[in-house]
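**Q** turn this into a model:
(2 chains)
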Number of protein chains: 2
Amino acid sequence: MPRSVAAHRQAVAELLAGATPRGNRRVPLLEALGKPLAVDVYAPLSLPPFANSQMDGFAVRSQDIPDDGGQLWVAAPVPAGAAPAALKAGFAAPIMTGAMIPDGADAVVPIEKATPNSFPDATRRDAVVDVPAVAPGTYVRNTGSDIEKGALALAAGTLLGPAQLGLMAALGLATVEVREPLRVLLVTTGDEVVEPGEELTAGKIYDSNGTLLEASMRQAGLDVVRAGISDDDPASLLSVLHRYTRNTDTPVDLIVTTGGVSKGAYEVVRQAMSGHAVDFLPVAMQPGGPQGLGTFNDVPFLGFPGNPVSCLVSFEMFLRPALSQVVGAPAPRLVRTARLAEPLTSPDGKHQVRRGTVAGDGVLRMEGGAGSHLVHALARANALVQIPIGVTELAAGSEVEVWML
Amino acid sequence: MPRSVAAHRQAVAELLAGATPRGNRRVPLLEALGKPLAVDVYAPLSLPPFANSQMDGFAVRSQDIPDDGGQLWVAAPVPAGAAPAALKAGFAAPIMTGAMIPDGADAVVPIEKATPNSFPDATRRDAVVDVPAVAPGTYVRNTGSDIEKGALALAAGTLLGPAQLGLMAALGLATVEVREPLRVLLVTTGDEVVEPGEELTAGKIYDSNGTLLEASMRQAGLDVVRAGISDDDPASLLSVLHRYTRNTDTPVDLIVTTGGVSKGAYEVVRQAMSGHAVDFLPVAMQPGGPQGLGTFNDVPFLGFPGNPVSCLVSFEMFLRPALSQVVGAPAPRLVRTARLAEPLTSPDGKHQVRRGTVAGDGVLRMEGGAGSHLVHALARANALVQIPIGVTELAAGSEVEVWML
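**A** Predicted coordinates:
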C-alpha cells in the first residue's frame, strides 16, 4: 500500500526535526534577509518612542479651546527631531508630522483647519491663530501605541523579510541573531547524465536536476554543497557520501540524491543504501512516486527520483514544506483555487501533481502533459496543480487547488 | 485633483523605461537565479535528445506481436546512457527508464505486463518473454516531444527561477546572459532620524526606512547603494545626489529618497529639488499620498514619504510593479481575494492600502489601524489590502482584493 503524500511529508518533517540543530549567528540586518530569526526579540524601546504628531498643524492644550473654537498665541515651532519646551496655557505650537508633542499639549489641530491656514513667520512673537475645539488625543500617536517597551517584537522562527527587518531597525537594533542555514549535499546520479557545457554523446542527457534543485534549495535558504554527478557504480556514490558525512569535521546536515530509486535493474541509490537505514517506498503520487528516506551515517537522507519534473515535485511537495515547518524558512507556497480551462484525467489511486499557468482571471491552463521529463513545459508553468487521490476526471471549469511557484 | 494610483504607477513605469539600459552579463546558471534573461534563447538540441523509454520494460517492434500477444527472444539489455544495437525482428530488449530506444523498436512493454515479469540474467542467450500486443509509440518519449532543436526555449525578459535554469541545463547551456541589475541610490532624510545602533536622544527615532526599502529592493533584484541619512539641510542632500549622478564614472540608474515630500515647513526633498525636473504631487492613496517623481541630473528620481508603512506601500504599489513591467523582474505580487473578518472604513476619495493577515481559509484580519507609523503591525502582516477609491465602508464577510507579500 503506497504511502500518502501527507504521510510522507510528515516523515520528511520528522527526519529534519531529528537533524542536529546548527548554531546561531549574529549578522547585520540586511544579511538576515530571508533567514529565520533564532531567538525571541523583545522591544528595547517603545514605538513610537514618544508621543508625536500625526499631522502638520498646531499642538494645543484641548482644555484651552472653548466648544465653539478659540484664539491662541503661536508658540515657537516644533520641527521633527527637536525636544520642545513645554506648551504654556493659551498657546499653540506649530508642529510637523512626527515631531514630539510638547509637555502640556494633548492634541493637534491640522494646519488646514486653523485660521490662518499657514504657519506664521517663526520670528514673530505676536502671532495668533484661531482653532476649532478638539478632543484630547486627536492626531497624537501615543508612546508605545505600536509596541510597548519590553513586549515581544518578533518570535523565534519568524522569517525575516523587509517589514520584519524594518521593525528591528525601528527598534534601534543593528544586528540580529539568525539560525545557521542547513547544509545539504546534493548528488545527481546516472551513467547517462552529463554536466551542461560538456560534450553529449549518444544515449546521454544533460543533468538538469542539479541546477533545478540547487536553485530551489538556495531560494529556500539552504547552503548547497554540490558533489557533481555520480555514475551508476554504488561504490562511487558511497565514497562521495562518506566523504561529506564521516571523514570531515563539518558533516552536512542533509543528503539529497536524484535517480536510482525505482525498481529497474540498475538503481544505484537503492544498491548503495543497502545496509544503511534508508527505506525505499512508493508514495501515492505522480510524478515522484518512488522515494527514499532514512539516514546515512546518521545524516538525514532523501532519495528523489531521476526525472527533472519528479525532482521539482519531490522538493515542493516534501522537502520545502518540511523546511517551512521545522526550520521556519522558506515561507510556505501560496495556495489558491483556480478554474480548469480544459478537462483533465488523473490516474486512479494517485495524487497527481500537474504543471500549469494561472492567469489573472483565475483560469488555469495546463503546461505539457503528465510526463515527468517535460522540463520545457515546466519552465512555462507558474503553479503546481493538485489533483487529489480518488479524483480521476475533472471537467473544464472545475475548481482545483494550485500551489503558486 | 490627486492622481490615481494606476496613473502614478504608469508614470513610474514610463520613468524607468526612459532610464539608460544597462548592459548584459554572461554568468554561470546559478548566478542568474532571480534575474531576467537578457536575450531570446533557442534550443541548441531537442529535448529529449533521442527517443527513450518512459518505463522499465521491454523495447519491442510492435509489428512482431500478434493481436493476442506473442513470445519474443530476449536481446541484450539497454541501460540508460548506452547507445544500443538495432533491435532484430523477433527480439525484445530489456530497457530502463530514460534509456535510448534501439533502432527498429517502436514501443515499450512495461516489465509488469511481461511474463515472466522480471528481467532474465543478462548473460543468458536463450531467454524468451511473453508480451501482449502494443500500439506503436507506447511508452516512448519521442525526440523533441518537449522542445525541438532550434525552437524558442525562453524569451528575453523571462525571470530565471529553478525551472527555467533547469531547462537551460537540460539544453546543455552552462552560462546564461542576464540583464545587469539597476543600481539605485537610497537616501533617507530627516533631522529626527538616527541609524540603528546609535544613541537615541529626545525627539529622535531610528531609521527603519533604509533597512525596509533596501531589503525590498534587494529582493526585487536591484543593486542598492546606501548613502545613509541626510539631514534637513537641502545642501547636504544635494551634495549626496550630485556625488552619485554627476561626479562619477558610474552614475546610478535611479534615486529613491524618503521623507520631505509633503507640505510642512521643513520639506528637505521638495526644497532640494526646486529647480530640478521633479514634480511633487498628491496621489489619491492612503498611506503614501505625497509622492515626488522626475529626474535629477537626468537620473530617474522618486521621492517617497517618510513614514515606514508609507515607504513600503509606495514601493509595493509603484516601484515594484513598474520593475516587473519594465525590467522583467521581480515577479508580480500574487493577487487574490479574501473575506474580511471585521468591518472596516476607508477615507472618501482615496485608495486605501491596509495591512492584514490572510489565513489558510481565506479570512483576512487587519494588522493595526490605518496609521502609517505602525511598523510592528506591518511586520505581522502577510498581505496588502486594497480598498478602492469610492469604497468607504465594508461589512464583515466582504470580499476584498489582497496582494500577498
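**Q** from residue A:143, how far out is the residue of the stretch 1-150 of chain A found nearest chain B?
**A** In the stretch 1-150 of chain A, no residue comes nearer to chain B than residue A:81, which is 3.1 Å away by C-beta to the nearest C-beta. Every residue, glycine included, has its C-beta placed from N, CA and C. Noted for residue A:81: a distance of 17 Å to residue A:143, by C-beta to C-beta, to the nearest Å.
**Q** kindly report the same for residue A:242.
**A** Residue A:242 sits at a distance of 60 Å from residue A:143 (criterion: C-beta to C-beta).
**Q** neighbour count winner among the two?
**A** Per other C-beta atoms under 10 Å in any protein chain shown, whichever of residue A:242 and residue A:143 has more neighbours is residue A:143, with 17 against 13.
**Q** which residues does the more buried one contact?
**A** A:46, A:48-51 (C-beta atoms under 8 Å, 6 or more residues apart in numbering or on different chains).
**Q** can you tell me the number of residues neighbouring residue A:404?
**A** The local packing count at residue A:404 equals 16, with neighbours defined by other C-beta under 10 Å.
**Q** neighbours of the residue lying closest to it once chain neighbours are set aside, how many?
**A** Using C-beta to C-beta, 6 or more residues apart in numbering or on different chains and skipping the chain neighbours, the partner closest in space to residue A:404 is residue A:334 (4.5 Å). Counted with other C-beta under 10 Å, residues neighbouring residue A:334 total 15.
**Q** before we move on, what about residue A:120?
**A** When neighbours are counted by other C-beta under 10 Å, residue A:120 registers 15.
**Q** likewise residue A:41?
**A** Close neighbours of residue A:41, defined as other C-beta under 10 Å, add up to 20.
**Q** any idea how far it is from residue B:308?
**A** With C-beta to C-beta as the criterion, residue A:41 and residue B:308 are 17 Å apart.
**Q** how about the strands in the stretch 51-200 of chain A?
**A** A:52-53, A:57-60, A:70-74, A:91-95, A:107-110, A:128-131, A:140-141, A:152-154, A:175-179, A:183-189, A:193-194 (DSSP state E, counting those that start in this stretch).
**Q** does chain B sit close to the second one?
**A** No: counting by C-beta under 8 Å from any C-beta of the partner chain, chain B is not contacted by strand A:57-60; separation bottoms out at 9.4 Å.
**Q** mind listing what's buried along that strand?
**A** A:57-60 (16 or more other C-beta atoms under 10 Å in any protein chain shown).
**Q** ok, so of those, who is nearest residue B:14?
**A** residue A:57 (35.2 Å; C-beta to C-beta).
**Q** that closest one contacts residue A:110, doesn't it?
**A** Yes: under the criterion of C-beta atoms under 8 Å, residue A:57 makes contact with residue A:110 at 4.2 Å.
**Q** now do the shared contacts for those two.
**A** residue A:139.
**Q** and the spatially most central residue of chain A, what is it in contact with?
**A** Of all residues in chain A, the one closest to the mean position by C-alpha atoms, centre = their mean is residue A:331, 3.0 Å from it. Residues counted as contacts of residue A:331 (C-beta under 8 Å, 6+ apart) are A:159, A:324.
**Q** let's see it at 6 Å
**A** Residue A:331 sits next to residue A:159 when contact means C-beta atoms under 6 Å, 6 or more residues apart in numbering or on different chains.
**Q** do stretch A:117-127 and chain B come into contact?
**A** Yes: Stretch A:117-127 reaches chain B (C-beta under 6 Å from any C-beta of the partner chain) through residue A:119.
**Q** doesn't residue A:229 lie inside a strand?
**A** Yes: the assignment for residue A:229 (DSSP: H, G, I helix; E, B strand; the rest coil) places it in a strand.
**Q** where does the stretch 151-300 of chain A come near chain B, residue by residue?
**A** A:162-167, A:169-170, A:172-174, A:191-192, A:196-197, A:202-204, A:206, A:208, A:211-212, A:214-216, A:264-266.
**Q** need the pLDDT of the residue nearest to the centre of chain A.
**A** Note for residue A:331: predicted pLDDT of 90.
**Q** same check, this time on residue A:253
**A** The model reports residue A:253 with a pLDDT of 95.
**Q** quick check: buried residues in stretch A:223-238?
**A** Buried-residue list, stretch A:223-238, by 16+ other C-beta under 10 Å: A:224-225, A:227, A:229-230, A:232, A:234, A:236-238.
**Q** can you check stretch A:116-130 too?
**A** A:119, A:127, A:129-130.
**Q** same check on stretch A:64-83?
**A** Quick answer for stretch A:64-83 (16+ other C-beta under 10 Å): A:64-65, A:70, A:72, A:74-75, A:77-82.
**Q** would you turn the residues you listed into JSON lines with pLDDT?
**A** Formatted as JSON lines, the buried residues of stretch A:64-83 follow (pLDDT from 0 to 100):
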{"residue": "A:64", "pLDDT": "96"}
{"residue": "A:65", "pLDDT": "97"}
{"residue": "A:70", "pLDDT": "95"}
{"residue": "A:72", "pLDDT": "97"}
{"residue": "A:74", "pLDDT": "96"}
{"residue": "A:75", "pLDDT": "95"}
{"residue": "A:77", "pLDDT": "93"}
{"residue": "A:78", "pLDDT": "92"}
{"residue": "A:79", "pLDDT": "85"}
{"residue": "A:80", "pLDDT": "84"}
{"residue": "A:81", "pLDDT": "88"}
{"residue": "A:82", "pLDDT": "89"}
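**Q** between these, which sits nearest residue B:13?
**A** Among the buried residues of stretch A:64-83, residue A:80 lies closest to residue B:13 (C-beta to C-beta), at 32.0 Å.
**Q** am I right that the closest one is in contact with residue A:96?
**A** Yes: between residue A:80 and residue A:96 there is a contact at 5.0 Å, judged by C-beta atoms under 6 Å.
**Q** run the angle between the helix or strand encompassing residue A:213 and strand A:183-189 for me.
**A** Assessed by DSSP states H and E, residue A:213 sits inside helix A:209-219. Going by axes from the mean of the first three to the mean of the last three C-alpha atoms, to 10 degrees, helix A:209-219 is angled at 160 degrees with respect to strand A:183-189.
**Q** leaving out chain neighbours, which residue sits closest to residue A:101?
**A** Spatial nearest neighbour of residue A:101, chain neighbours left out: residue A:51 (4.3 Å); criterion: C-beta to C-beta, 6+ apart.
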